[in-house]
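Q: structure, please.
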Amino acid sequence: MTRAGLFRLATAFALAVAVAMVATDGAPALPLATRSADSGRAAGSQFTLKFVINPAPVPRFSVHSLSGQTLDPGMWRGKVVILNFWATWCGPCRYEIPELEQLQKQFPKTLQVVGLSVDEAPAADVKSFVDRIGVNYPVGIASDQLQERFGGILALPTSFVLDRAGRVVQKHVGLIPADYYREEVSYLAGMPVEAKVETFADQGQVFPANVKFATQLPGIDMTRLSLAQRKAALRLMNEKRCTCGCAYTLAQCRILDSACPVSQKAAQAIADSARRGTPAAKPAAALGKPAARQ
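A: Numbering: from 1, shown residues only. Next up, the predicted model:
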């Protein structure tokens, strides 16, 4: 399946989940990543904002916008930034564009929204779409290389939120309520908010490479493992590739797509082997040969 086909499939699934949430008032997890706003509104109709406690600098990049401007994160230092990866064919992306436009209007001096299109169509077609609907923030084309700098974009829309120091403090996959973004921007800009604020350590939820810091993976039972066994199992999960087609390691796939049965089965098998002390769970160095990459 082509990249565009994979995007369409993942985005359609995310939209179906969003519709189900509205219909059932439930909160199912998105299929490809932990939902940033999974707490919805806390008691008293407050949102619970969540920000990374170990934020990384935004990956360096410089591209031209569809109107010829330079798009460089260094230009927006001092502002809150929403980097929105999207596509013209993505229904949820088109749905949230007016909301992002409204946010840009509301915070003209403290917020910079930037659209990064992953369309495979010619840039001229994307520009025609952007001009037709009158997007009020800069839009550029995100190359495959640029997407990889952000850990790969597996579903649309995907947005990265930057604080005023240019650090990535949150990642949102799927549709996020405009009011939630508004509270995030207000808080990061030093304005009063009616929301609870919590922090979390990025263990792959924002940048997949940080999964190496994870001590527990979704859906994997490691409760009966000793510390040494857990470390050995996690090392293998960070070495072995998932065979579901995601191109990530087993550990990364568990973080980004906790519903994946392939990574769940393979990772649990490693954990079980570690508990039994079988060779399959020993680090590659202990086996006297380099780690096999599948």
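
Q: buried sites along the helix or strand where Glu101 lies?
A: Using DSSP states H and E, Glu101 maps to helix 91-106. Within helix 91-106, the residues that qualify as buried by neighbour count (16 or more other CB atoms under 10 Å) are 91-93, 96-97, 99-101, 103-104. From N, CA and C alone the C-beta is placed, and that goes for glycine too.

Q: before we move on, what about stretch 139-153?
A: Within stretch 139-153, the residues scored as buried using 16+ other CB under 10 Å are 139-142, 146-147, 150-153.

Q: any idea of the mean pLDDT in the helix holding Glu101?
A: Average pLDDT, helix 91-106: 97.

Q: can you tell me how far Pro208 is from Val58?
A: Distance, Pro208 to Val58, using CB to CB, to the nearest Å: 16 Å.

Q: partner strands of the helix or strand harbouring Val81, with direction?
A: In the assignment (DSSP H and E), Val81 maps to strand 80-86. Taking DSSP bridges as the criterion, strand 80-86 forms sheet pairs with strand 111-117 (parallel), strand 158-162 (antiparallel).

Q: chain neighbours aside, what residue packs nearest to the spatially most central residue of the chain?
A: With distances taken as CA atoms, centre = their mean, the residue of the chain nearest its centroid is Lys171 (4.6 Å). Distances taken as CB to CB, 6 or more residues apart in numbering place Val206 nearest to Lys171, at 4.4 Å, with adjacent residues excluded.

Q: and the one you found, how many neighbours?
A: 25 (other CB atoms under 10 Å).

Q: what number of residues lie near Val114?
A: Per other CB under 10 Å, the neighbour tally for Val114 reads 24.

Q: per-residue pLDDT of it, please?
A: pLDDT, read off for Val114, is 98.

Q: and for Gly245?
A: 90.

Q: which elements pack onto the one helix or strand Lys265 maps to?
A: If you go by DSSP H and E, Lys265 is part of helix 261-276. Helices and strands touching helix 261-276, by 3 or more CB pairs under 8 Å, 6 or more residues apart in numbering; DSSP states H and E, are helix 227-239, helix 250-256.

Q: name the residues of it that come out as buried.
A: Neighbour-count burial for helix 261-276 [16+ other CB under 10 Å]: 263-264, 266-268, 270-275.

Q: for stretch 59-70, same thing?
A: Within stretch 59-70, judged by 16+ other CB under 10 Å, the buried ones are 61, 63, 65-66.
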